[in-house]
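> I'll drop the sequence and a predicted model, then ask my questions.
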Amino acid sequence: MRSLSADLAQRARPATIVGVLWRGQSYLNLLYLLAAFPLGLVYFILLFTLLSTSFSTIVALIGIPLLLATLYVWLGLAEFERQLTAWWLGVPIQRMPAATEPGASYWARLQARMRSRVTWTGLLYLFLKWLFGVVVFVALIALIALTAGLITAPLPYLLQLTMSGGVEPGRVTQALLSPFLTLLGVAVGMITLLLSDGLAFVWGRFAQITLGVSDEALRLEEARAAARRAQSQAAQAEQSRRELIVNVSHELRTPIASIRGHAESLLLAAEAPEGAPHSAEETKRYLTIIARESERLSALVDDLLALARAEAGELRLEIRPVFVTGVFDEVYEALAPLARRERQVTLTREPAGEAPPVLADRERLAQVVLNLARNAIAYTPAGGIVSLSVERPDYYHLSLVVADTGVGIPQDELERVFERFYRADASRARATGGFGLGLAIVRDLVQAMGGVVTAESVVGQGSRFRVTLPIAPETLPVAGTSV
């Protein structure tokens, strides 16, 4: 790969000396150098005024804000010069990548800016541009004026020849030499263009060094950024592990305490003297509670195992074409009676017979819809409706939609509903037996099957969870059918 300086040299070097006359980039270089003086003067006056005012008022309340404003002004001017030089001179100037992660605090971004070499070399560039501009401006204006004077030297003699029909006897020699002065003017013009190419090359290289970074520095910064991302991910993973331990311990405590308490009550009843009051209904109630809490523990262990397998990449999926109708029927038959009996909620399903099959794991897809439907039923008050339906967002995808008329989810919490152990209403979730893992499992399973799950909600009106999966090609066999 060619270096930046080699690429810049190729751009700045004309093919031949004479070819500089019709080389467009040479004239662009000349115009850039002439514009360098007024631009540099504006930069110098603006930054010098801001810096001097900031330091003179540093003890006042406006000193620090003005100094920060000055910093952003010079950063903006340096970025403007980087883009202007790259566009006008055709110089590739690589920008320094961000030294902080997206979402970093203002103070972290400011510290990273102040530690960056490009920040200070960019300030040096802005201050030196006016000095470079004034020297180059004077030299080029003098050369341009000399070129114009030499090229136009024959004009007086041509006018005299046209007007009077001849040249004065004492000026014949000058008239004969005037064409040679024109040729000399053309030569001076070529030298001016060559000089502007050389100066543009030098200034472009200086801009590369002060406003950008080299390939080596860019690779080093990218490696540092990758290291920072890895460190941040490791810290997040460690924090997630700690939160998982705390949350699991908290979730296990309630059912274990309930089982233990009711088991002790049964033991006390068994050890009571014969004839002590203790009904069969009370024993049955204790055993029912123990059985329910045991099921909750078993469900928690299953959920944790599913999450662990998803994290470790050990989910065993059999991706095949799957018809949605069979999945909806299975979920409906499992949950509709329970929804009516325990929550007084109606579960409905729209016909999906015309829907094409999707690429998914049949068992995992049923688990996804089951979790979404169970979650919707839990957060829908008595008399509400939970529906299962399909949508066709485009030609290549099919969406499975689980909608409810429940309490809804606030917008500031909607993005967090797929986090582990997160519950928009923890008290209601505990009352309905939820652990806050169902939606996290849905997200992991859908992503493992190559799909996307999204949620939208309006508080007081309900929520819609949409699972979008790719439609299966017609040539593949459908799960559950013979081929």
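Structure received.
> rest of the way, CA atoms for contacts and neighbours
Noted.
> name the element residue 197 belongs to?
helix 172-211 (DSSP states H and E).
> same for that helix, what does it pack against?
helix 4-12, helix 24-56, helix 63-88, helix 117-151 (3 or more CA pairs under 8 Å, 6 or more residues apart in numbering; DSSP states H and E).
> and the angle from it to helix 24-56?
With axes from the mean of the first three to the mean of the last three CA atoms, to 10 degrees applied, the angle from helix 172-211 to helix 24-56 works out at 50 degrees.
> and the next helix or strand past the host helix or strand of residue 369?
Applying DSSP H and E as the criterion places residue 369 in helix 362-378. Downstream of helix 362-378, the first helix or strand assigned by DSSP H and E is strand 385-394.
> so for that next one, what gets flagged as buried?
Neighbour-count burial for strand 385-394 flags 385, 386, 387, 388, 389, 390 (criterion: 16 or more other CA atoms under 10 Å).
> nearest to residue 78, of those?
Nearest to residue 78 out of the buried residues of strand 385-394 is residue 390 (CA to CA; 53.2 Å).
> okay, and the beta partners of that closest one?
residue 400 (DSSP bridges).
> just residue 458 next, same as before
In beta-bridge terms (that is, DSSP bridges), residue 458 pairs with residue 462.
> flag every buried residue along the helix holding residue 369.
Using 16+ other CA under 10 Å as the test for burial, helix 362-378 gives 362, 364-378.
> where in the stretch 151-300 of the chain is pLDDT low?
156-178, 215, 217-218, 221, 237, 240-254, 271-279, 292, 295-296, 299-300 (pLDDT under 70).
> ranges for the helices of it?
155-164, 172-211, 215-271, 280-312 (DSSP state H, counting those that start in this stretch).
> give the contact list for residue 85.
Listed by CA atoms under 8 Å, 6 or more residues apart in numbering, the contact set of residue 85 reads 91, 204, 207.
> can you redo the residues you listed as a markdown table with distance to residue 261 and neighbour count?
Shown next, in a markdown table, are the contacts of residue 85 (distance: CA to CA, whole Å; neighbours: other CA atoms under 10 Å):
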| residue | distance to residue 261 | neighbour count |
| --- | --- | --- |
| 91 | 77 | 25 |
| 204 | 80 | 25 |
| 207 | 76 | 23 |
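> what about the nearest residue to residue 21 once chain neighbours are set aside, neighbour count?
Leaving out its chain neighbours, the residue that sits closest to residue 21 by CA to CA, 6 or more residues apart in numbering is residue 190, at 6.4 Å. Counted with other CA atoms under 10 Å, the neighbours of residue 190 add up to 19.
> quick check: residue 190 vs residue 316, distance?
74 Å (CA to CA, to the nearest Å).
> low-confidence stretches in the stretch 301-450 of the chain?
302-315, 352, 420-437.
> just list whatever residues bridge to residue 404.
Under the criterion used (DSSP bridges), residue 404 bridges to residue 386.
> let the chain start at 48 from now.
Fine by me, first position is 48 from now on; the one you just mentioned is residue 451.
> hmm, residue 428 and it touching each other?
No: contact criterion CA atoms under 8 Å: residue 451 and residue 428 do not qualify, at 9.9 Å.
> if you count what's nearby, which of the two comes out ahead?
Legend: neighbour count by other CA under 10 Å for residue 451 and residue 428, higher for residue 451 (28 against 16).
> show me the domain layout of this structure.
51-260, 270-359, 367-517 (automatic domain parsing).
> off-centre distance for the last one?
The chain centroid and the centroid of domain 367-517 are separated by 28 Å, computed with CA atoms, centre = their mean, to the nearest Å.
> burial of the closest residue to residue 391 other than its chain neighbours, as a residue count?
Excluding the flanking residues, the one nearest residue 391 by CA to CA, 6+ apart is residue 429, at 4.9 Å. Using other CA under 10 Å, residue 429 has 16 neighbouring residues.
> the closest residue to residue 114 other than its chain neighbours: neighbour count?
Take residue 114 and drop its neighbours on the chain: the residue closest to it by CA to CA, 6+ apart is residue 101, 5.2 Å away. Neighbourhood size, residue 101 [other CA under 10 Å]: 21.
> right, and residue 101 touches residue 111 too?
Yes: here residue 101 reaches residue 111: they are 7.1 Å apart, a contact under CA under 8 Å.
> hmm, who's touching stretch 430-439?
375, 391-399, 402, 420, 423-424, 427, 445-453.
> let's go with 7 Å and repeat that
375, 391-397, 399, 423-424, 445-453 (CA atoms under 7 Å, 6 or more residues apart in numbering).
> and these, which are buried?
Buried, going by 16+ other CA under 10 Å: 375, 391-396, 399, 423-424, 445-453, out of the contacts of stretch 430-439.
> send the alpha carbons of stretch 449-463 over as PDB?
Taking Å, rounded to 0.1, in the frame of the first residue of the first chain, the C-alpha atoms of stretch 449-463 are listed here in PDB:
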ATOM      1  CA  VAL A 449     -48.600 -11.100  20.400                       C
ATOM      2  CA  ALA A 450     -50.800  -8.100  21.400                       C
ATOM      3  CA  ASP A 451     -52.700  -7.400  24.600                       C
ATOM      4  CA  THR A 452     -55.000  -4.800  26.100                       C
ATOM      5  CA  GLY A 453     -53.100  -4.700  29.300                       C
ATOM      6  CA  VAL A 454     -51.500  -1.900  31.400                       C
ATOM      7  CA  GLY A 455     -48.800  -1.100  28.900                       C
ATOM      8  CA  ILE A 456     -45.200  -0.200  29.400                       C
ATOM      9  CA  PRO A 457     -43.800   3.300  29.800                       C
ATOM     10  CA  GLN A 458     -41.600   4.500  26.900                       C
ATOM     11  CA  ASP A 459     -38.500   5.000  29.100                       C
ATOM     12  CA  GLU A 460     -38.800   1.300  30.200                       C
ATOM     13  CA  LEU A 461     -39.600  -0.200  26.900                       C
ATOM     14  CA  GLU A 462     -36.000  -0.700  25.800                       C
ATOM     15  CA  ARG A 463     -35.200  -2.500  29.000                       C
END
